[in-house]
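Participant: What follows is a predicted structure for the sequence shown.
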Amino acid sequence: MAYVQLLHHLGPHGIVLRVSFLGKIYEEHYTSKLLFSWPQVGCQDDFPIRGSRVVFASYRDRSGQASF
């Protein structure tokens, strides 16, 4: 089973975002180093723009490489 978890970490950076699948951890990132974006969409002119069901998180490591 796949999991995306927010874990409280005792270190100085606070909360950790963990992505795991079948018990194996694939990624862990401090949320203080992540950039979150929540796309706003409007399907019809008669309805107001609202947030989508998707939240994107991006991360740039020390060498400047980005992950999305």
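Facilitator: In hand now; what should we look at? This one's a predicted model, so the numbers in the text were calculated from it and none came from an experiment.
Participant: Helix or strand: which one has the residue nearest to the spatial centre of the chain?
Facilitator: Nearest residue to the geometric centre of the chain (C-alpha atoms, centre = their mean): Ala57, 3.5 Å. If you go by DSSP states H and E, Ala57 is part of strand 56-60.
Participant: Quick check: buried residues in that strand?
Facilitator: By 16 or more other C-beta atoms under 10 Å, the buried positions in strand 56-60 come out as Tyr59. C-beta here means a position set from N, CA and C on the backbone, and glycine is covered the same way.
Participant: quick one on the thing from earlier: my guess is the residue nearest to the centre of the chain meets Phe36, correct?
Facilitator: Yes. Ala57 sits in contact with Phe36 when judged by C-beta atoms under 8 Å, with a separation of 5.3 Å.
Participant: what bits of this protein have low per-residue confidence?
Facilitator: Along the chain, the parts satisfying pLDDT under 70 run over 11, 13, 61-62, 64-68.
Participant: For it, which segments count as helices?
Facilitator: Taking DSSP state H, the chain contains no helices at all.
Participant: what are the ranges of the strands in it?
Facilitator: Assigned strands in the chain, in chain order: 2-8, 15-21, 24-30, 34-37, 40-41, 50-51, 56-60, 66-67 (criterion: DSSP state E).
Participant: partner strands of the second one, parallel or antiparallel?
Facilitator: In this case it means strand 15-21. When sheet partners are counted by DSSP bridges, strand 15-21 sits next to strand 2-8 (antiparallel), strand 24-30 (antiparallel).
Participant: Can you say which of those is nearest to Gln44?
Facilitator: Among the strands paired with strand 15-21, the nearest to Gln44 by C-beta to C-beta is strand 2-8 (31.0 Å).
Participant: what angle sits between the closest one and strand 56-60?
Facilitator: 70 degrees (axes from the mean of the first three to the mean of the last three C-alpha atoms, to 10 degrees).
Participant: Run the chain-centre distance for strand 2-8.
Facilitator: Here strand 2-8 is found 10 Å from its chain centre; the criterion is C-alpha atoms, centre = their mean, to the nearest Å.
Participant: Fine by me, thanks again.
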